[in-house]
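**Q** next come a sequence and a model predicted from it.
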Amino acid sequence: QSLELSDFEKIRALGHGHGGSVFKVLHKPTQLILAEKTIRLEVKKEVRERILRELRVLHRCSSPHIVGFFGSFWHEGEIHILMEYMDGGSLDVVLRRVGRIPENVIAVICSKVVEGLLYLHNELSVMHRDIKPSNILVNSDGAVKLCDFGVSGELQGSLAYSFVGTRSYMAPERLKGQKYTVTSDVWSLGLSLIELATGHFPIPPERAKELVPIREPPATVEDIPPPPQEGGMVVFELLTRIVEGEPPHLPDGAGFSPEFCSFVEACTRKAPEERPKLTDLAQHPFIADKAKLEAVDMAAWVKGTMVRAVLEERLAERERFTPLPPTS
Ligand SMILES: O=C(NOCCO)c1ccn2cncc2c1Nc1ccc(C2CC2)cc1F
Ligand SMILES: [Mg+2]
């Protein structure tokens, strides 16, 4: 196999999700800094082979809105997936640092996520199946990219039963066991946008809670507030509310533009057939005005959210690559 476990040197842990851990690693032969995700799966040999074969499709995947793929291999019951390192991290962590994200920045994020979903649909014929802030990554070049999408049906199937946690971005039709369509990703996008804009997961509608103030990023990683206690609302009550309750929406009187409110309202319609298709979304006024989007300095905004420690780490890496001026 082209990738060898021994060629990778762990630099630091980037996160631990349900079923998976991600490390920042150095690939010694190429000196590339990558992110290595490991997922423990006890599956038969032919299932392991099929997952690797299905992931190989990712080598043909090249889009500015999809996290790069460098290969994958099995080792002692764990699959290792090597991908592009995104130094700005995932939006769930960025959100905890800054409280909530300004609407003009959300419009840029939303536009790139829709383009990424269109790429997955048109080029790979796959739906994402797990759109949420933690699967949208940003970097200090101002890029916004998708990861953890269902490119391998086998891996998707093997992970299906590991869904835990009290927050579900799943569309009502999916919670009712009906078939998952690309507009289910649109529902999840709508929920994610409300969370980015208000700083709260939108179900149950927390009328009492004011908007989380937009904060300056903390000085060090330790100052990042912990994730909301997992023991939130009882899961069943939450899922019932999603299936039977009114759809979530942006709070009125909070200064969100009519275009933003209209975009979110369309995404979170309960009936999947009433939700816009990705091509309709791409032309929605909230994200169709490219000049408005280009006016946002995304690179500067992401840098502003990165704790100093990570920025210093990044500069050190850059020095490693910048050739020293020739000695005179
Ligand atoms: O990681 C996942 N869920 O996260 C939960 C486990 O922490 C999942 C799930 C289903 N999947 C079905 N096929 C792949 C994956 C997949 N991982 C994954 C997908 C795409 C990439 C592209 C290179 C960017 C990297 C990935 F790691
Ligand atoms: Mg993830």
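**A** Sure, I can see it. Numbers count the residues shown, from 1 in each chain. Ligands and ions are numbered 1, 2, ... in the order given.

**Q** hey, let's count contacts and neighbours off CA atoms from now on
**A** Fine.

**Q** ok, residue 47 to residue 77 distance?
**A** Look at residue 47 and residue 77: by C-alpha to C-alpha, to the nearest Å, they are 12 Å apart.

**Q** and if you look at residue 2?
**A** Taking C-alpha to C-alpha, one finds residue 2 at 19 Å from residue 77.

**Q** so these two - more neighbours on which side?
**A** residue 77 (14 against 7; other C-alpha atoms under 10 Å).

**Q** do I have it right that that one meets residue 44?
**A** No. Assessed by C-alpha atoms under 8 Å, residue 77 is found out of contact with residue 44, at 9.8 Å.

**Q** low-scoring stretches of the stretch 51-200 of the chain, by residue?
**A** Regions of the stretch 51-200 of the chain meeting the criterion pLDDT under 70 cover residues 161-166.

**Q** show me what from it comes close to ligand 1.
**A** The stretch 51-200 of the chain comes close to ligand 1 at residues 67-69, 81, 83, 147-153, 155-156, as judged by C-alpha under 6 Å from any ligand atom.

**Q** how about TSV for the residues you listed, with neighbour count and secondary structure added?
**A** As requested, those are exported to TSV (neighbours: other C-alpha atoms under 10 Å; DSSP: H, G, I helix; E, B strand; the rest coil):
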residue	neighbour count	secondary structure
67	25	coil
68	22	coil
69	22	strand
81	19	strand
83	20	strand
147	21	coil
148	15	coil
149	17	coil
150	17	coil
151	21	coil
152	19	coil
153	14	helix
155	20	helix
156	15	helix
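
**Q** turn these into TSV, columns for distance to residue 282.
**A** What follows is those, written out as TSV (distance: C-alpha to C-alpha, whole Å):
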residue	distance to residue 282
67	20
68	23
69	25
81	30
83	27
147	20
148	22
149	20
150	22
151	22
152	26
153	27
155	29
156	27
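
**Q** if I look at the closest residue to residue 170 other than its chain neighbours, how far off is residue 22?
**A** For residue 170, ignoring the flanking residues on the chain, the nearest one in space by C-alpha to C-alpha, 6 or more residues apart in numbering is residue 188 at 6.1 Å. Noted for residue 188: a distance of 23 Å to residue 22, by C-alpha to C-alpha.

**Q** in the stretch 51-200 of the chain, which spans are strands?
**A** Secondary structure of the stretch 51-200 of the chain (DSSP state E, counting those that start in this stretch): strands at 69-75, 78-84, 89-90, 136-138, 144-146.

**Q** out of those, deepest packed?
**A** Highest mean neighbour count of the strands of the stretch 51-200 of the chain: strand 144-146, a mean of 26 (counted as mean count of other C-alpha atoms under 10 Å).

**Q** tell me the gap between that one and the middle of its chain.
**A** 7 Å (C-alpha atoms, centre = their mean, to the nearest Å).

**Q** contacts for it next, please.
**A** 64-67, 109, 112-113, 116, 135-138 (C-alpha atoms under 8 Å, 6 or more residues apart in numbering).

**Q** report the two of the residues you listed separated the most.
**A** The most widely separated members of those, counting by C-alpha to C-alpha, are 64 and 135 (15.1 Å).

**Q** more crowded one of those two?
**A** Ranked by neighbour count (other C-alpha under 10 Å), residue 64 and residue 135 place residue 135 first, with 19 against 15.

**Q** I'd say that one and residue 150 touch.
**A** No. If you go by C-alpha under 8 Å, residue 135 and residue 150 don't touch, sitting 11.7 Å apart.

**Q** do a quick rundown of the helices in the stretch 151-300 of the chain.
**A** 153-159, 172-175, 182-198, 235-244, 258-267, 278-282, 285-288, 290-294, 298-305 (DSSP state H, counting those that start in this stretch).

**Q** out of these, which is closest to residue 34?
**A** Comparing the helices of the stretch 151-300 of the chain by C-alpha to C-alpha, helix 298-305 comes nearest, at 19.1 Å.

**Q** and the next helix or strand after that closest one, what's its mean pLDDT?
**A** Using DSSP states H and E, the helix or strand that follows helix 298-305 towards the C-terminus is helix 308-321. Averaging pLDDT along helix 308-321 gives 74.

**Q** how big is the angle separating helix 308-321 from helix 298-305?
**A** 120 degrees (axes from the mean of the first three to the mean of the last three C-alpha atoms, to 10 degrees).

**Q** list the buried residues for helix 308-321?
**A** 308, 311 (16 or more other C-alpha atoms under 10 Å).

**Q** could you point out the longest helix of the protein?
**A** Criterion DSSP state H: the longest helix present in the chain is helix 103-123.

**Q** so which elements touch that helix?
**A** Judged by 3 or more C-alpha pairs under 8 Å, 6 or more residues apart in numbering; DSSP states H and E, helix 103-123 is in contact with strand 144-146, helix 182-198, helix 278-282, helix 285-288, helix 290-294.
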